[in-house]
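> Let's see this in three dimensions:
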Amino acid sequence: MSAITTERAQKALYDALTSSKSTSARMLKNVDQAGNLISKTTQEVGSACTLYDDNAAVIQQSSADQMVADLLKKNMDDFFGEAKKVMDALDTLQQIHPFVSVAIIAFKAVVNFEIRLKDTRDPDIMGPCGTIRGRLDGVLDKMKRNVEDCGNAIDKYYKSKFELWDALAIRTALGVDTAIKKLEDLTKTLGFESEDKLTELVKFAKQQEAQIQARSDAPSKDVSKPASQTPSANGSVAEQYRLDASLLHELRTPVVSLLDKNCALFMFKLDKQTAEIKDAIKDSETRIMLALGDKFKRAKDPVRIKKLDSMHH
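Alright, predicted model coming up:
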């Protein structure tokens, strides 16, 4: 509708400019024609409104075309804002060029009519505390600030997780380094203690070997005993060597290997004890069920029930 009105106004301006080229003697006649033109333009605007209302369905259907849709969706508020600026410029132009004043008057009349019509259709709603739009502006500004503050807080919290990760990584690295250092120190200490113990055992074995050798070299004073009852020096030395070798082997064998070696025996004992526990529990369960079952059987006996009933009565 606004596009039709603007086209009419442009046509009126063109006609007025064409007629302004005539002589000054026709000015009065043009003034009368301008008045008629204003009336005619007003009637045409009304006809355009009626035409739009009668053919609204057809116009909306034809708006499927992209260009027509863009024209219908144009913001009329911006158009009327610019139109007011144009009206001020036309006032200045009217003072400079009096010959086009008739056309300017006609154009201003049409635009002012449309502006008044729009203001009448969409007036500002007044409330006890001012316009509704003014009150909503404050609320919307507050909501905008709250959303921005919330976004800033979320952004700060999101970025802080990287700082937390870095701090945790540094702390973990320091803890791992400390644990590795302590483990190395403990390994060195255990290694030194094991070497010292092995040295003492070897020294003790050599001393025992020397003593046994000295006793074996001395003559036997008890010759009355048979040879079978006389302790054998070679057997004692062999037994001592076997004990020392077994002890050294156990000291040098890793703990994991010893556990694996004894795992089968441990599992056998565990299974045996578990089976014994299960059997004991099952036997106890059987005895309990038998004891309770006997009482239930006696309670279900009709003769016993009648006897108990007679005793109570």
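> pLDDT at residue 169, what is it?
Residue 169 is assigned 86 on the pLDDT scale.
> How about residue 277?
90.
> can you check residue 178 too?
85.
> any weak-confidence spans in the stretch 151-300 of the chain?
190-199, 201-202, 205, 208-246, 249, 293-300 (pLDDT under 70).
> So the chain: which segments form each domain?
Domain segmentation of the chain under automatic domain parsing yields 2-123, 262-313.
> By mean pLDDT, show me the worst of the ones you listed.
Looking at these, the bottom one is domain 2-123 with a mean of 58.
> count of neighbours near residue 113?
15 (other C-beta atoms under 10 Å). Yep, even glycine has a C-beta here, placed from its N, CA and C like the rest.
> With residue 107 instead?
So residue 107, with other C-beta under 10 Å, has 23 neighbours.
> Mind telling me what element it is part of?
helix 101-121 (DSSP states H and E).
> Repeat that for residue 288.
helix 255-300.
> One more: residue 146?
Secondary structure (DSSP H and E) places residue 146 in helix 132-217.
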